[in-house]
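Asks: what follows is a protein structure lacking sequence information:
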C-alpha cells in the first residue's frame, strides 16, 4: 500500500515545549490556549490585498483597495509597466478615471502586453503610504506559496 498523500500532523512535535519541574525534568507537554482569535486585533500592514477578474470591457473592481487609497469616482489614473506588473498612480490630465461604480479600466495596450483577457484573475495590492496600486497575475501567489510553504510542495508533487 502506498504512503498517503496527506499524513496526520504530529501534534506533540508542534505543541509547546514541555514544562520543567524544580529538578529540570520534563513533566510532559502542556497545551497552550490561544484565546479567542476573532477578538484579536488585525495585524497592521501598510498594504491591502484583493482579487479581481477583468470583465468583458477590460475593467477591474477593487473597492476595498480604492477605499484604502481614497480614490473616488473621477480620480484620474496613470498606468506604468514595471517588471511583470502594472503600477497605477493618481495623476491629473490622464484619460483613465475611476468610474462611479468603482471600476478601473486597464488600457487595452497594457492588457495585450500582459496577455490579460476577460475573466483573467488579478491580484490587486495597494499601498496607502505610497499611494499606488499594483496589478499582477494572481499566479504570482502560486510561485510564492511553492517557494515558501514546503507543505504545499509536498502535497502537490505526489
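Replies: Cool, the structure landed. Note that the structure is a prediction, hence the values are computed from the model and not measured.

Asks: going by neighbour count, list what's buried in the top helix by length along the chain.
Replies: Criterion DSSP state H: the longest helix present in the chain is helix 140-148. Buried residues in helix 140-148, counted by 16 or more other CB atoms under 10 Å: none are found. Glycine gets a C-beta too; all of them are placed from N, C-alpha and C.

Asks: show me what that helix is packed against.
Replies: helix 150-156 (3 or more CB pairs under 8 Å, 6 or more residues apart in numbering; DSSP states H and E).

Asks: pretty sure residue 66 contacts residue 98?
Replies: Yes - counting by CB atoms under 8 Å, residue 66 touches residue 98, with 6.5 Å between them.

Asks: contacts only, for residue 70.
Replies: By CB atoms under 8 Å, 6 or more residues apart in numbering, the residues touching residue 70 are residue 128.

Asks: check what pLDDT it gets.
Replies: pLDDT for residue 70: 91.

Asks: what of residue 32?
Replies: So, for residue 32, pLDDT stands at 48.

Asks: and for the one 3 residues further on?
Replies: On pLDDT, residue 35 comes in at 50.

Asks: and the one 3 residues further on, by the same measure?
Replies: Among the per-residue scores, residue 38 shows a pLDDT of 50.

Asks: next, count neighbours for the closest residue to residue 107 other than its chain neighbours.
Replies: Counting by CB to CB, 6 or more residues apart in numbering, residue 79 is the residue found nearest to residue 107 once chain neighbours are left out, at 5.8 Å. By other CB atoms under 10 Å, 19 other residues sit near residue 79.
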